[in-house]
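A.B. asks: Here is a sequence with its predicted model. Questions after.
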Amino acid sequence: MARLGMVIDTRRCVGCMDCVVACKTENGVPDGHCRDWITQRLEGTMPHLRLTITSERCNHCDNPPCVTCCPTGASHVHDYGQVVLVDHDKCIGCKACLASCPYGARFIHPEGYADKCTFCIHRVEKGELPACVAVCPTHAMHFGDLDDPQSEVSRLIASRRHFVLKPDAGTKPRIYYLE
Amino acid sequence: MLELVTTRHNPMVDPTLHVWGWEIPVYLFLGGWVAGSMIIAGYFARRGRPPGAGGVASVLPWLSLVLLSLGMGALFLDLEHKLYVWRMYLTLQPASPMSWGGWILILVYPVLLLGALASIPPDLLSGRPAIAGLAARLRNPVTAGRLGSVSMVAGVALGIYTGILLSSLGARPLWSSAALGPLFLVSGLSTGAASAHLVARDPDEQASLLRADNLFLIVELALIGLILIGLATASAVHANAAQLLLGGPYTAVFWVLVVGLGILLPLTLQTLMASHRIPHTVIAPLLVIGGGLALRFVIVSAGQYSHWITP
């Protein structure tokens, strides 16, 4: 079974927000909410500063606390690609998953259920790329099976220095950032 | 220097998490209160003062039914997808304390109803022989003792789950303590003992509830100390969370309302009452009840404020 993940090259990402706009358009994300976003990290001391731009979203963790805490099974790991999804008709809107996510990747949809990035599973199941990956103008984003050593994402992780967000939270995120 | 700038602006998540308002602290408080009352009622039932015998065990099931219903009402108000609440009861998710809690609440209601039924005076049930017969069986000392045991077990499960519910959410460092479940249980016991003390008419019951409440308050203080020491001596993330109560924005409200007015002052008053140096007063039990409510508000609010600080 595939284990889908994402690799994002921080040397190529310019923070243009195309991924954010593509996600909102593709998924009909309601106004005032976002499933993905841009974060800028400025580190160091003048004049030795380092700016890192990251396109962030649900990390579809291997150890997803949002799935563990869900009282109804609405948050679940999908058979296809082990993507973490929310079944809207099972969600009671208790918000435990929002509190359990160290990345703040979830929000409450105006209709009342928990919502978040789906890796555009409706596209991926048809063999297409997630909308954010497909539109990236600098080709900073890559998507594929992390368990396949020949996949583009696996080869990038094997060949480049990389990091994940909040590794010490213990969730084993599946979005890797190339340094 | 580390400066983070994000374009994310999701309601209830940014700039800091605030998914739970007044409803969840009120529910956790009332649930803990009911848990404590059930344990105390069960204890008295096992000691030969069951519902129907005229003591506090006759009042507590009724009080608990009202409090639990109010608490579940608050819980329902908190849900964002209210019409789907029945989904809770189509499954049991073994890893989810919230799922366990939903089923524990289902177990608690019939136990409380049986206790309440047993406490109804027989002459009020003279026109309903079937119910009167059931109530008479429940007042049988052996049955009452068994029902007391079930009440105590259900109370412990209810009280401890309210704390585990929070401590299982590892993304909130302030809640990352195994002692949070016992703290909420003991706080519930303390609140239950205080309210039972308020309604007790028998001097022996009053005296034993007073002594019990003092013990619960001392244990509560010890557990608060253990939680703070555990957090402050753990990782930087947890130490930062502890700072919310040890010099941060929640420090004043925690130490004044929860520890000072909610534990230390009533403990002092009740110690003086127990040694007959001051007359019995309702102020101390009311302070204990207010302190239990303040504890839930501070822990729920500060816990949401605490977060994983690494990028």
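C.D. replies: Noted; the coordinates are in hand.
A.B. asks: where exactly do the helices run in the chain?
C.D. replies: Reading this off chain A. Per DSSP state H, chain A carries helices over the ranges A:18-27, A:65-69, A:96-100, A:121-124, A:131-135, A:152-159.
A.B. asks: other chain: chain B
C.D. replies: Going by DSSP H, chain B shows helices at B:23-46, B:56-78, B:97-118, B:129-139, B:141-167, B:180-199, B:203-232, B:236-243, B:251-253, B:265-274, B:283-305.
A.B. asks: wouldn't B:R8 be in contact with B:D14 here?
C.D. replies: Yes. Using Cβ atoms under 8 Å, B:R8 makes contact with B:D14 at a distance of 5.7 Å. For glycine as for every other residue, the C-beta is placed from the backbone atoms N, C-alpha and C.
A.B. asks: the more surrounded of the two?
C.D. replies: Taking neighbours as other Cβ atoms under 10 Å in any protein chain shown, B:R8 and B:D14 compare with B:R8 leading, 21 against 15.
A.B. asks: before we move on, back to that, touching both of B:R8 and B:D14, which residues are there?
C.D. replies: A:G104 (Cβ atoms under 8 Å, 6 or more residues apart in numbering or on different chains).
A.B. asks: ok, back up a step: turn the helices of chain B into TSV, columns for distance to chain A.
C.D. replies: Putting these into TSV (distance: least, Cβ to the nearest Cβ, whole Å) gives the following:
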stretch	distance to chain A
helix B:23-46	9
helix B:56-78	7
helix B:97-118	4
helix B:129-139	32
helix B:141-167	8
helix B:180-199	14
helix B:203-232	16
helix B:236-243	7
helix B:251-253	21
helix B:265-274	31
helix B:283-305	7
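A.B. asks: So for the closest residue to chain A within the stretch 201-311 of chain B, what's the pLDDT?
C.D. replies: As assessed by Cβ to the nearest Cβ, chain A sits closest to B:W308 within the stretch 201-311 of chain B, at 4.4 Å. At B:W308, the model reports a pLDDT of 85.
A.B. asks: Neighbours of the residue in chain A positioned nearest to chain B, how many?
C.D. replies: Using Cβ to the nearest Cβ, A:G93 is the residue of chain A that sits closest to chain B, at 2.8 Å. Counted with other Cβ under 10 Å, residues neighbouring A:G93 total 23.
A.B. asks: Also the one 5 residues further on?
C.D. replies: As a burial measure, A:L98 scores 27 neighbours (other Cβ under 10 Å).
A.B. asks: per-residue pLDDT, it?
C.D. replies: pLDDT at A:L98 comes out at 97.
A.B. asks: who's sitting farthest from the centroid in chain A?
C.D. replies: Centroid-distance maximum for chain A: A:P47 at 32.5 Å, with Cα atoms, centre = their mean.
A.B. asks: what sits up against stretch B:61-70?
C.D. replies: B:26, B:30-31, B:33-34, B:37-38, B:41, B:51, B:105, B:108-109, B:112-113, B:115-116, B:118-119, B:195, B:199.
A.B. asks: Next: stretch B:302-311.
C.D. replies: For stretch B:302-311, using Cβ under 8 Å, 6+ apart, the contacting residues are A:41, A:99, A:102, A:165-169, B:2, B:4, B:16-20, B:166, B:169, B:171-175, B:236-237, B:240-241, B:244-245, B:249-250, B:254.
A.B. asks: again, only using 7 Å
C.D. replies: A:41, A:99, A:102, A:165-166, A:168-169, B:4, B:16-20, B:166, B:171-175, B:237, B:240-241, B:244-245, B:250 (Cβ atoms under 7 Å, 6 or more residues apart in numbering or on different chains).
A.B. asks: which non-adjacent residue is nearest B:N240?
C.D. replies: Nearest residue to B:N240, sequence neighbours excluded (Cβ to Cβ, 6 or more residues apart in numbering or on different chains): B:I309, at 5.9 Å.
A.B. asks: Same question for A:V20.
C.D. replies: A:D36 (5.5 Å).
A.B. asks: Tell me how many other residues crowd that neighbour.
C.D. replies: 25.
A.B. asks: Kindly report the same for A:G32.
C.D. replies: 10.
A.B. asks: One more: B:I229?
C.D. replies: 12.
A.B. asks: repeat for B:E205
C.D. replies: 19.
A.B. asks: do the same with the one 4 residues further on
C.D. replies: Around B:L209 there are 25 other residues, counting by other Cβ under 10 Å.
A.B. asks: cool, the one 4 residues further on as well?
C.D. replies: The criterion is other Cβ under 10 Å. On that basis, B:D213 has 28 neighbouring residues.
A.B. asks: Please determine how far it is located from B:I283.
C.D. replies: 13 Å (Cβ to Cβ, to the nearest Å).
A.B. asks: B:S58 too?
C.D. replies: 25 Å.
A.B. asks: returning to what we had before: isn't the residue nearest to A:V20 right next to A:C132, touching?
C.D. replies: Yes. Using Cβ atoms under 7 Å, A:D36 is in contact with A:C132, at 5.9 Å.
A.B. asks: who touches both of these two?
C.D. replies: A:C19, A:C23, A:S55.
A.B. asks: rewinding a little: quick one, what contacts the residue farthest from the centre of chain A?
C.D. replies: No contacts exist for A:P47 under Cβ under 7 Å, 6+ apart.
A.B. asks: can you give me phi and psi for it?
C.D. replies: phi -90, psi 10 (degrees, to the nearest 10).
A.B. asks: now do A:Q150
C.D. replies: phi -90, psi -10.
A.B. asks: can you count the residues close to it?
C.D. replies: Residues near A:Q150, counting by other Cβ under 10 Å: 8.
A.B. asks: where are the low-confidence patches of chain B?
C.D. replies: B:310-311 (pLDDT under 70).
A.B. asks: from it, which residue is nearest to chain A?
C.D. replies: B:E80 (2.8 Å).
A.B. asks: contacting residues for the residue nearest to the residue of chain A closest to chain B when sequence neighbours are not counted?
C.D. replies: Counting by Cβ to Cβ, 6+ apart, A:G93 lies nearest to B:E80, which is 2.8 Å off, once chain neighbours are set aside. By Cβ under 7 Å, 6+ apart, the contact set of B:E80 is A:G93, A:K95, A:I108, A:G112.
A.B. asks: Let's have those in JSON lines, adding distance to B:Y89.
C.D. replies: What follows is the contacts of B:E80, written out as JSON lines (distance: Cβ to Cβ, whole Å):
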{"residue": "A:G93", "distance to B:Y89": "16"}
{"residue": "A:K95", "distance to B:Y89": "19"}
{"residue": "A:I108", "distance to B:Y89": "22"}
{"residue": "A:G112", "distance to B:Y89": "18"}
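A.B. asks: measure B:G36 to B:W62 for me?
C.D. replies: In terms of Cβ to Cβ, B:G36 sits 15 Å off from B:W62.
A.B. asks: Settle it for me: which of those two has more neighbours?
C.D. replies: The neighbour comparison of B:G36 against B:W62 (other Cβ under 10 Å) goes to B:G36, with 32 against 16.
A.B. asks: Does the more buried one touch B:G188 like I think?
C.D. replies: Yes. Here B:G36 reaches B:G188: they are 3.9 Å apart, a contact under Cβ under 7 Å.
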